[in-house]
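In: here is a sequence with its predicted model. Questions after.
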Amino acid sequence: MASKFQAPRGTFDVLPEQARGRARVQRVAAEVFARAGYEPIATPAFEDTELFVRGVGRSTDIVVKEMFTFEDKGGRSLTLRPEGTAPICRAYLEHGMQKLAQPVKLFYAGPFFRHERPQAGRYRQFHQIGVEAIGTDSPLADAEVIGLLSDLLAELGVPGVELRLGSLGSPESRRGYLEELKAHLRDNEGDLSQDVRERIEINPLRAFDADDVGTQEVMRTAPTIVESLDGEDAEHFAEVRALLDAAGIAYEIDPTLVRGLDYYTRTIFSFVCEGLGAQSEVGGGGRYDGLIEQLGGPPTPAIGWAAGIERILLALGEEDAREGRDAFVAAATDEQRHRALALAAELRNAGLSAEVDLAGRGLKGQLKHADRIGARRVLILDDDGTAQLRDMDSGEQRPVDPGRALEELGA
Ligand code: ATP
Ligand code: MG
């Protein structure tokens, strides 16, 4: 009977047959990152609420609508982490990592939490992998971290991936542009969605992200930030593009690209996958040169990205899969069960995967079960001390010496 309890809205269980594809994504990611000298870091699942308000930005969707915030028994306001960059910058400062050789190159994987409307590819607890290179403003770092996500998606075999690239300039150069943009929005106020209209002053860039037709029409003629880059910002962006060209990484400049977090400066990017439908972004990120200062540290330029593990799995169309077994050790009679268990243990110690029946099945039932779990061979122990080895693919069966089972099974 089904219990009256269900996983909370927007969350899901990872069942054993789904865990394998997930583990592969994490394993390949860790390998790709390690080859480039990025080291693992893990931070807590919750942080002081103020870290995200300051780090992600007071006017962002994440802070305004999506955080799981609660008070602990000591009256402190805590928030389940909606993203990984602000916590890592907090850890960088807390542990004095500015004293290490720069940049500090890190990667992470784990659960994140946002109170969003659940739909395909959008959950309230989801999982991200990500990298950060902290302590350099070199365009080489931009090209390297973008290359890491490109390599990872290629190595995993994610089909139909496209890279969109933009630049937000530095906060100083952005100021002038934002005034131009606000003027354009005010001139067309009547055609904007209420949401965008209410945030013309606090977050005008969000208008590029709007999904209503009226706002989109207005944005078609809006000035873009990429056109208005100048001086060092323009040079930096040109250098990043040249490095990507040289590395053979294809991209499309998207002058309307914006991201949902306030901390981005200069380079921003997004990897989208055509097969994903509405939630088309598999991963994205950018430079956050002002974030560490914003959190009370010294000026520290940095860049990073995060990718959604569920979106990667969706894009891969990953089939649920169970791992097969090298062997199943069957007992022809009850007297042989303890020998079967001991032999399975011996096979496991030799590095093979092996199972025995733990449910009191007869021999026929054991063979059926061996087939169900994908055992490639079954060793049947008979009462007279002899044994049969059955190949489950061909159905062939031949007598073997049970004392030589390890050799017979290729351990
Ligand atoms: P989106 O535009 O899809 O909401 P975002 O701009 O909020 O994405 P980021 O905050 O940059 O995304 O997060 C990085 C990645 O994490 C996204 O590209 C996506 O793959 C994944 N992601 C973000 N929010 C969710 C969610 N609610 N459920 C599942 N994956 C998510
Ligand atoms: Mg979002």
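Out: Noted; the coordinates are in hand. Fair warning: this is a prediction, and the values are worked out from it, not measured in the lab. Numbers count the residues shown, from 1 in each chain. Ligands and ions are numbered 1, 2, ... in the order given.
In: every contact and neighbour count from this point should use C-alpha atoms.
Out: Will do.
In: number of residues surrounding the residue nearest to Q216 when sequence neighbours are not counted?
Out: Closest residue to Q216 apart from its sequence neighbours, by Cα to Cα, 6 or more residues apart in numbering: A210 at 6.6 Å. As a burial measure, A210 scores 16 neighbours (other Cα atoms under 10 Å).
In: and A210, what pLDDT?
Out: pLDDT, A210: 87.
In: can you report phi and psi for it?
Out: Torsion angles at A210 (phi, psi; degrees, to the nearest 10) stand at phi -70, psi 150.
In: L205 is in contact with V258, isn't it?
Out: Yes: look at L205 against V258 with Cα atoms under 8 Å: they come within range, at 6.7 Å.
In: and the residue nearest to Q216, how close does it get to S270?
Out: 16 Å (Cα to Cα, to the nearest Å).
In: same question for V226.
Out: V226 sits 15 Å away from S270, going by Cα to Cα.
In: who has more neighbours, those two?
Out: S270 (26 against 21).
In: got the CA coordinates for the one helix or strand that one maps to in CSV?
Out: For S270, the element it lies in under DSSP states H and E is strand 265-273. Provided in CSV are the C-alpha atoms of strand 265-273 (Å, rounded to 0.1, in the frame of the first residue of the first chain):
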residue,chain,number,x,y,z
THR,A,265,31.0,41.7,-14.4
ARG,A,266,32.6,41.6,-17.8
THR,A,267,32.4,38.1,-19.4
ILE,A,268,29.2,36.1,-19.0
PHE,A,269,28.2,32.9,-20.8
SER,A,270,25.6,30.3,-21.2
PHE,A,271,25.6,26.8,-22.6
VAL,A,272,22.2,25.9,-24.0
CYS,A,273,21.0,22.6,-25.4
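In: need the next SSE after it, C-terminal direction.
Out: Counting by DSSP H and E, the element after strand 265-273 in chain order, helix or strand, is strand 281-287.
In: and that following strand, what does it pack onto?
Out: Applying 3 or more Cα pairs under 8 Å, 6 or more residues apart in numbering; DSSP states H and E, we find strand 281-287 packed against strand 265-273, strand 302-308, helix 309-316.
In: compare the ones you listed and give me the one nearest R76.
Out: strand 302-308 (28.2 Å; Cα to Cα).
In: other residues contacting the closest one?
Out: By Cα atoms under 8 Å, 6 or more residues apart in numbering, the residues outside strand 302-308 that reach it are 85, 126-137, 141-142, 145, 282-289.
In: who does the residue in the stretch 51-200 of the chain that ligand 1 sits nearest to bridge with?
Out: Of all residues in the stretch 51-200 of the chain, R122 sits closest to ligand 1, at 3.4 Å by Cα to the nearest ligand atom. For R122, the beta-bridge partners under DSSP bridges are Q119.
In: and the nearest residue to A234 once chain neighbours are set aside, which of the three is it?
Out: In this structure, A234 finds its nearest non-sequential neighbour in G169, 7.7 Å apart by Cα to Cα, 6+ apart. Using DSSP: H, G, I helix; E, B strand; the rest coil, the structure places G169 in coil.
In: now do T11
Out: State at T11, reduced to three classes by three-state DSSP: coil.
In: distance of the residue nearest to Q216 relative to ligand 1?
Out: Using Cα to the nearest ligand atom, to the nearest Å, A210 is found at 11 Å from ligand 1.
In: over to A342?
Out: 45 Å.
In: and D13, by the same measure?
Out: 14 Å.
In: count the residues that sit near that residue.
Out: 9.
In: swap in the one 3 residues further on?
Out: Other residues near P16 number 12, with proximity taken as other Cα under 10 Å.
In: ok, now the one 3 residues further on?
Out: One way to gauge burial is a neighbour count; for A19, by other Cα under 10 Å, it gives 14.
In: host element of it?
Out: Using DSSP H and E, A19 falls within helix 16-35.
In: quick one: low-confidence residue ranges for the stretch 1-150 of the chain.
Out: Scanning the stretch 1-150 of the chain for pLDDT under 70 picks out the ranges 1.
In: let me know whether A340 touches D383 as I believe.
Out: No: between A340 and D383 there is no contact under Cα under 8 Å: 11.6 Å.
In: of those two, who's got more company?
Out: Remark: of A340 and D383, A340 carries more neighbours, 23 against 13, as counted by other Cα under 10 Å.
In: state the distance from the more buried one to ligand 1.
Out: A340 sits 45 Å away from ligand 1, going by Cα to the nearest ligand atom.
In: where does that residue land on pLDDT?
Out: Reported pLDDT for A340: 97.
In: for it, what are its contacts?
Out: For A340, the contact set (Cα under 8 Å, 6+ apart) comprises V329, A330, A331, V356, L381.
In: mind checking which of those are in strands?
Out: V329, A330, A331, V356, L381 (DSSP state E).
In: pick out whichever of the residues you listed sits closest to L178.
Out: L178 lies nearest to V356 out of those, by Cα to Cα, at 68.0 Å.
In: where does pLDDT dip in the stretch 251-400 of the chain?
Out: Checking the stretch 251-400 of the chain against pLDDT under 70 turns up 319-321.
In: where's the closest residue to D357 other than its chain neighbours, which helix or strand?
Out: Sequence neighbours aside, Q366 is the residue nearest to D357 in space, at 6.4 Å (criterion: Cα to Cα, 6+ apart). Assigned by DSSP H and E, Q366 belongs to helix 363-372.
In: cool, R241 as well?
Out: Per DSSP H and E, R241 falls inside helix 231-247.
In: and the contacts of the helix or strand just after that helix?
Out: As assigned by DSSP H and E, the chain's next helix or strand after helix 231-247 is strand 252-253. Outside strand 252-253, the residues that touch it by Cα under 8 Å, 6+ apart are E162, L163, R164, L165, G166.
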